[in-house]
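[1] this one's structure only:
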Ligand code: SF4
């Protein structure tokens with residue numbers, strides 16, 4: 001750690017606070033849900049176990065709380081120290097045999113930003129151009145980032161002047177608030193968090209973050225899962241196709257499908273797809289063909305029946321009562337959706353669904369035990385730093401729980 005941050009320290013002037021001490025104190029804070037840096041310094045000062053962990057001895061000086069913000073926003077961020085720390089802990093988990101690498105699960109959870117919901121300004125009006133702060137600079141820097149500003153063209157209803165990258169959003173049926181999403185990619189054996197990332201609190205950004213994490217786990221740890229368990233938010237045709245054809249990962253993911261009709265007329269399932277001839281066959285055995293033109297931003301191909309067939313058909317009231325011919329939409333990625341549908345009928349899928357709860361338990365642990373239900377730092381970099389530290393603390397707790405250290409016997 002010291003070697004990693006050494007280039008960011010001056011060789012002259014007053015001796016600096018040891019970065020290892022600061023990181024050890026931060027780990028204590030995140031492991032035990034000590035939210036305030038001022039309180040953390042008091043706790044480390046008084047608590048002997050914390051002093052032991054921080055290697056301070058009985059009379060070592062605890063640094064001032066203001067030292068943290070200088071280092072967290074400066075050297076630690078510039079040197080990417082927190083990511084190095086997280087990856088070191090993941091490698092240790094791998095070395096201890098806690099990471100199987102066969103099955104992964106991905107999910108995201110909303111964490112409230114440090115932004116007052118009452119002070120939001122209307123998103124359509126935009127921010128005051130005079131506004132200037134570190135969080136505003138970070139917001140401008142990620143406007144074209146697919147995990148933040150470029151995730152969706154929809155203007156948020158409100159913007160937080162104190163942290164504009166935080167998204168105005170709401171969990172199910174709850175009140176709206178400003179939030180970021182923390183994204184976890186976990187190994188299903190022992191729920192070790194193998195990747196973590198911050199993103200805007202919208203589904204498209206979370207899917208982008210999932211792809212980034214899968215690729216990064218492969219690049220950094222040479223981990224390539226055979227299956228990925230996730231909820232419907234990750235079941236879009238494009239995401240399933242990316243998993244199946246581009247990464248060769250079995251999607252244990254419910255297919256995002258709105259083709260079922262509820263008005264008593266035939267749904268798409270009632271039409272059989274003939275892959276050899278690229279046509280659908282209707283319940284009367286008549287073909288529905290396509291001209292290959294993509295609609296809906298390239299997301300859909302339309303297959304049409306012949307007008308002559310439909311006009312003479314006895315099933316027309318149950319098939320296309322309001323249109324001259326029946327049309328069937330099909331995604332260009334339908335083959336990958338069919339792979340996911342087939343997997344959904346297997347026993348392995350039932351197991352994956354059960355195992356997927358582990359990632360939700362990680363989020364529950366994060367919020368209830370580590371008390372990270374509201375961020376303390378602002379901006380995408382602040383969110384990223386906090387999520388990295390919290391995931392590191394969770395993995396360290398898992399290591400301590402699963403690989404108990406054999407304490408030496410006291411001398412007699
Ligand atoms: S209405 Fe057209 S598409 Fe529907 S069953 Fe009859 S022939 Fe087939």
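    Structure received. These numbers were taken from a predicted model, which means no experiment stands behind them. Numbers count the residues shown, from 1 in each chain.

[2] and the stretch 301-412 of the chain, which of its residues are near the ligand?
    Within reach of the ligand by C-beta under 6 Å from any ligand atom, the stretch 301-412 of the chain has these residues: 305, 309, 310, 313, 315, 316, 319, 320, 326. Every C-beta, even on glycine, is put in place using the N, C-alpha and C of the backbone.

[3] make JSON lines out of those and add distance to residue 128 and pLDDT.
    Formatted as JSON lines, the entries for those read as follows, by distance: C-beta to C-beta, whole Å; pLDDT from 0 to 100:
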{"residue": "305", "distance to residue 128": "56", "pLDDT": "93"}
{"residue": "309", "distance to residue 128": "62", "pLDDT": "92"}
{"residue": "310", "distance to residue 128": "59", "pLDDT": "92"}
{"residue": "313", "distance to residue 128": "62", "pLDDT": "91"}
{"residue": "315", "distance to residue 128": "62", "pLDDT": "92"}
{"residue": "316", "distance to residue 128": "60", "pLDDT": "90"}
{"residue": "319", "distance to residue 128": "57", "pLDDT": "92"}
{"residue": "320", "distance to residue 128": "54", "pLDDT": "90"}
{"residue": "326", "distance to residue 128": "54", "pLDDT": "94"}
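
[4] of these - the most surrounded one?
    residue 305 (25 neighbours; other C-beta atoms under 10 Å).

[5] residue contacts, that one?
    By C-beta atoms under 8 Å, 6 or more residues apart in numbering, the residues touching residue 305 are 282, 286, 287, 288, 320, 325, 326, 327.

[6] can you list the domains in this protein?
    2-79, 99-230+356-402, 268-338 (automatic domain parsing).

[7] is it true that residue 205 lies in a helix?
    Yes: checked against DSSP: H, G, I helix; E, B strand; the rest coil, residue 205 lies within a helix.

[8] which stretches of the stretch 201-350 of the chain form helices?
    Listed in chain order, the helices found in the stretch 201-350 of the chain under DSSP state H, counting those that start in this stretch are 203-221, 237-241, 307-311, 316-319, 334-343, 347-355.

[9] make a markdown table out of these and add distance to residue 114.
    Shown next, in a markdown table, are the helices of the stretch 201-350 of the chain (distance: least, C-beta to C-beta, whole Å):
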| stretch | distance to residue 114 |
| --- | --- |
| helix 203-221 | 19 |
| helix 237-241 | 31 |
| helix 307-311 | 59 |
| helix 316-319 | 55 |
| helix 334-343 | 38 |
| helix 347-355 | 34 |
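
[10] picking that back up, just name the closest of the contacts of residue 305 to residue 117, please.
    Of all these, the one sitting nearest residue 117 is residue 327; the distance, using C-beta to C-beta, is 44.3 Å.

[11] burial count for the closest one?
    Residues contacting residue 327 under the criterion other C-beta under 10 Å number 13.

[12] same thing with residue 31?
    Other residues close to residue 31 by other C-beta under 10 Å number 20.

[13] for it, give me the pLDDT.
    Looking at residue 31, its pLDDT reads 91.

[14] quick check: longest helix of this structure.
    Ranked by number of residues, the top helix in the chain under DSSP state H is helix 379-402.

[15] which elements pack onto that helix?
    In this structure, helix 379-402 packs against helix 19-31, helix 75-78, helix 81-95, helix 134-141, strand 177-187, strand 193-200, helix 357-368, with contacts taken as 3 or more C-beta pairs under 8 Å, 6 or more residues apart in numbering; DSSP states H and E.

[16] tell me the angle the fifth one makes with helix 203-221.
    By that I understand strand 177-187. With axes from the mean of the first three to the mean of the last three C-alpha atoms, to 10 degrees applied, the angle from strand 177-187 to helix 203-221 works out at 40 degrees.

[17] distance from the chain centre to strand 177-187, please.
    5 Å (C-alpha atoms, centre = their mean, to the nearest Å).

[18] now the fourth one
    Here helix 134-141 shows a centroid-to-chain-centroid distance of 21 Å under the convention C-alpha atoms, centre = their mean.

[19] and the last one, by the same measure?
    Relative to its chain's centre, helix 357-368 lies at 13 Å (C-alpha atoms, centre = their mean).

[20] how many residues are close by residue 397?
    For residue 397, the count of nearby residues is 16 (other C-beta under 10 Å).

[21] go on, residue 362?
    Applying other C-beta under 10 Å, I find that residue 362 has 25 neighbouring residues.

[22] for residue 186, give me its contacts.
    104, 105, 106, 192, 193, 194, 358, 359, 362.

[23] among those, which one sits closest to the ligand?
    residue 106 (39.2 Å; C-beta to the nearest ligand atom).

[24] what residues are recorded as beta-bridge partners of the closest one?
    With DSSP bridges as the criterion, the beta-bridge partners of residue 106 are residue 185.

[25] which ones are touching it?
    By C-beta under 8 Å, 6+ apart, the residues touching residue 106 are 183, 184, 185, 186, 210, 213, 214, 228, 229, 230, 234, 359.

[26] how about residue 48: what's its closest non-neighbour residue?
    By the measure of C-beta to C-beta, 6 or more residues apart in numbering, the closest residue to residue 48 outside its immediate chain neighbours is residue 58, 7.9 Å from it.

[27] repeat for residue 103
    Spatial nearest neighbour of residue 103, chain neighbours left out: residue 188 (4.0 Å); criterion: C-beta to C-beta, 6+ apart.

[28] how about the residues of this protein near the ligand?
    Residues of the chain lying near the ligand by C-beta under 6 Å from any ligand atom: 282-284, 286, 305, 309-310, 313, 315-316, 319-320, 326.

[29] go with 5 Å
    By the criterion of C-beta under 5 Å from any ligand atom, the positions of the chain lying close to the ligand are 282, 283, 284, 286, 305, 309, 310, 313, 315, 316, 319, 326.

[30] gap between the second one and residue 79?
    Just to be clear, that refers to residue 283. Remark: distance between residue 283 and residue 79 (C-beta to C-beta, to the nearest Å) = 65 Å.

[31] try the fifth one
    Using C-beta to C-beta, residue 305 is found at 63 Å from residue 79.
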